[in-house]
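> The following block contains a protein sequence and its predicted model.
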Amino acid sequence: MSRHATVAPPVPAPVLSVVIPTFNEAANVEPMVDALARALEGISWEVIFVDDDSPDMTASIAKALGRLDVRIRCVHRLFRRGLAGACIEGILSSSAPYVAVIDGDGQHDESKLPAMLQILQSCDANLVIGSRYVGNGSAESLGGFREYVSRTANALIQRFLRVQVSDPVSGFFMLRREVFDAVAPRLSTVGFKILFDIIASSRGSLTISEIPYRFRAREYGASKFNTAIGLEFLGLLLSKISGNVVGPRFPIFVLVGSIGLVVHLVALRLFLNVFPDQFPWCQTLATFAAVAGNFVLNNMLTYRDRRLRGAAMLRGFGKFCLIAGTGAVSNVGVASWLYYQHSTWWISGVAGALLGALWNYVMFSEFVWRTRCI
Ligand code: GDD
Ligand code: MN
């Protein structure tokens with residue numbers, strides 16, 4: 001037996017880690033801790049806030065509470081954004097046998113946590129989902145449009161990934177930690193929806209139980225959900241349908257590329273209206289507009305979690321132009337070579353374009369929107 005095992009622990013180790021992803025939830029931190037302390041009385045628990053360097057100082061508030069109460073921890077992430085990635089890091093930082101994920105804005109019902117733990121401890125399931133769409137659960141407070149989006153996302157997941165649970169986009173769930181550890185290397189850090197990724201990536205090996213809860217209204221702060229997150233979800237869904245052959249960013253990257261083509265044509269038409277005899281110049285300007293538009297959209301959508309700002313954005317744009325230029329040269333080279341080997345014109349064209357797109361995609365991820373390791 002190791003020397004440490006003979007030393008009595010000063011505080012009992014937590015049975016349950018509650019992971020709370022936060023971005024700009026300063027006003028919600030203390031009420032969340034109070035609510036957890038009330039709900040989890042008699043259970044040995046800890047809470048792990050995972051904050052993406054919120055400008056409203058959420059992390060400082062969580063750490064200040066952590067100085068008063070050993071059960072409160074904060075993982076403070078720099079240079080990263082994203083709900084799924086935050087949940088993954090939080091869960092991986094836990095050593096408790098059971099881990100729950102719950103939103104930090106009070107919209108999930110923490111009073112369900114003991115019942116969820118009970119189900120796991122009695123081995124009736126190894127994943128318990130708080131669901132808005134079973135029994136007396138409700139998603140009313142989500143608002144009409146968001147509830148429609150949520151139900152559509154659930155229906156897509158149920159249909160295409162054959163996931164048989166009522167609320168696979170729920171952000172409220174609890175599982176055995178070793179179940180998570182086993183699936184963690186296959187999870188995507190992109191996006192908002194970690195639960196359906198866990199279920200789909202576990203390939204049918206989970207026993208799942210659902211308990212109803214009523215989604216509550218937010219009292220402080222605002223939702224981080226937006227159109228870009230909706231797009232990210234579609235990318236992740238396509239990626240999972242393809243069995244991870246296509247990365248979750250690639251569908252968004254292709255969409256941005258297609259928008260670039262439209263921008264190019266619209267800009268060319270406008271420039272030609274002004275300078276009807278200057279086609280080469282108009283084409284040059286239109287190309288520049290399309291490249292700049294693509295850079296901005298990729299920065300906003302495809303690489304949202306690694307978004308460049310200020311001087312880094314200017315440097316990134318320089319590298320982007322260089323890479324896209326090289327991509328264009330190889331595109332034209334390969335397409336022309338195929339064409340002179342007597343391939344059909346459109347096959348040559350598409351092959352060149354695909355090669356160029358693939359080159360850009362790989363090089364952008366590597367050199368323009370690199371993850372910064374800390
Ligand atoms: N660390 C981190 N990084 N946390 C984030 C980020 C991020 O980029 N974005 C959001 N969060 C945190 C919020 O601070 C909050 O605690 C929680 O994640 C949920 O975010 P909300 O912005 O409040 O989401 P919502 O209420 O609109 O969406 C709810 O419904 C979805 C399904 O319809 C949530 O329950 C989602 O988890 C759920 O998938
Ligand atoms: Mn919320």
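Yep, that arrived. All values derive from a computational prediction rather than experimental measurement. Ligands and ions are numbered 1, 2, ... in the order given.

> of all the residues in this protein, which ones are close to ligand 2?
103, 105, 107 (Cβ under 5 Å from the ion). For every residue, glycine as well, the C-beta is placed using N, CA and C.

> Surely the first one forms part of a strand?
Read it as residue 103. No. Under the criterion used here (DSSP: H, G, I helix; E, B strand; the rest coil), residue 103 is coil, not part of a strand.

> Can you get me a residue count around the closest residue to it other than its chain neighbours?
Once flanking residues are discounted, residue 103 sits nearest to residue 171: 5.3 Å by Cβ to Cβ, 6 or more residues apart in numbering. Neighbour count for residue 171, taken as other Cβ atoms under 10 Å: 20.

> from what I can see residue 63 touches residue 75, true?
No. Between residue 63 and residue 75 there is no contact under Cβ atoms under 8 Å: 10.5 Å.

> Low-confidence regions, this structure specifically.
Along the chain, the model assigns pLDDT under 70 to residues 1-6, 8-9, 372-374.

> how about the strands of it, start to end?
With strands called from DSSP state E, the chain shows them at 16-22, 45-51, 72-76, 98-101, 127-131, 173-176, 208-212.

> follow-up on the earlier one: so what's the residue nearest to residue 103 up against?
With contact set as Cβ atoms under 8 Å, 6 or more residues apart in numbering, residue 171 has these partners: 83, 101-103, 108, 192-195.

> how near is the residue nearest to residue 253 when sequence neighbours are not counted to ligand 2?
The shortest distance from residue 253 to any residue other than its chain neighbours is 4.9 Å, reached at residue 302 (Cβ to Cβ, 6+ apart). Per Cβ to the ion, to the nearest Å, residue 302 is found 25 Å from ligand 2.

> residue contacts, residue 302?
Contacts of residue 302 were listed using Cβ under 8 Å, 6+ apart, and they are 249, 252-253, 256, 369.

> Same check on residue 43?
15-16, 114, 117.

> Buried among those residues? Make that a PyMOL selection.
In PyMOL, a selection of the buried entries from the contacts of residue 43 looks like this (16 or more other Cβ atoms under 10 Å):
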select buried, resi 16+117
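
> which of the contacts of residue 43 lies closest to residue 342?
Closest approach to residue 342 among the contacts of residue 43 (Cβ to Cβ): residue 16, at 67.2 Å.
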